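> show me how the following folds:
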Amino acid sequence: MSGHKEKVHTKKRGKFGLTIQVRLVSDLKRSQEYYRDVLGCKVDNWGHAERDGMIIILQQANSSDDVRPNALSKKRPDYPTDWEGPEYGWDTFIHVSWDDLDTLVEEVRRNGGYIAIEPFTGIHGKWEFKNTCIKDPDGYNIILGSMREIQQ
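Next up is the predicted model:
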């Protein structure tokens, strides 16, 4: 047996860090006020809107034509459950606890926000989900979603 160790070549993988969404808006000041006053974010002059685990960078669009919330995605029959995709466009999906979802909806409503789709529940396999949709001033859909395992 040789005294040399065989060299093992492994590819080093980098690590992605925190992901922050960048959103073009039609009126930066109005959006900053909305994210601060309605969603309760800490908003700075750079355009960062931050609350808990949600961070969005708001940037002034050159033209209102550049503000484009996501369209409805194509249905897919190959998800692991019988769900084929959302019924409306999603721009941001924020995981929240089951118990916090209704509290957040009431907070947004109380602060003058628009709840585009009231909270609803459904089932994905062994999981129950509850989602709602908040629409910001530019029509971006912010989905609050929670899941829990169905208790037998």
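
> what are the ranges of the helices in the protein?
Ranges of helices in the chain, per DSSP state H, are 28-37, 98-110.

> want to throw those helices into JSON lines with mean pLDDT, distance to M147 and mean neighbour count?
(C-beta placed from N, C-alpha, C; glycine too.) JSON lines is the format used below for those (pLDDT from 0 to 100; distance: least, CB to CB, whole Å; neighbours: other CB atoms under 10 Å):
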{"stretch": "helix 28-37", "mean pLDDT": "98", "distance to M147": "25", "mean neighbour count": "17"}
{"stretch": "helix 98-110", "mean pLDDT": "97", "distance to M147": "8", "mean neighbour count": "14"}
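
> out of these, the one nearest Y88 is which?
Each of the helices of the chain has some distance to Y88 by CB to CB; the shortest is helix 98-110, at 16.3 Å.

> what distance do you get for the most centrally placed residue in the chain to N111?
In the chain, the centroid-proximal residue (CA atoms, centre = their mean) is F93; its distance is 2.2 Å. Per CB to CB, to the nearest Å, F93 is found 21 Å from N111.

> what distance do you get for G145 to F120?
11 Å.

> between the two, which is the more surrounded one?
G145 (15 against 11; other CB atoms under 10 Å).
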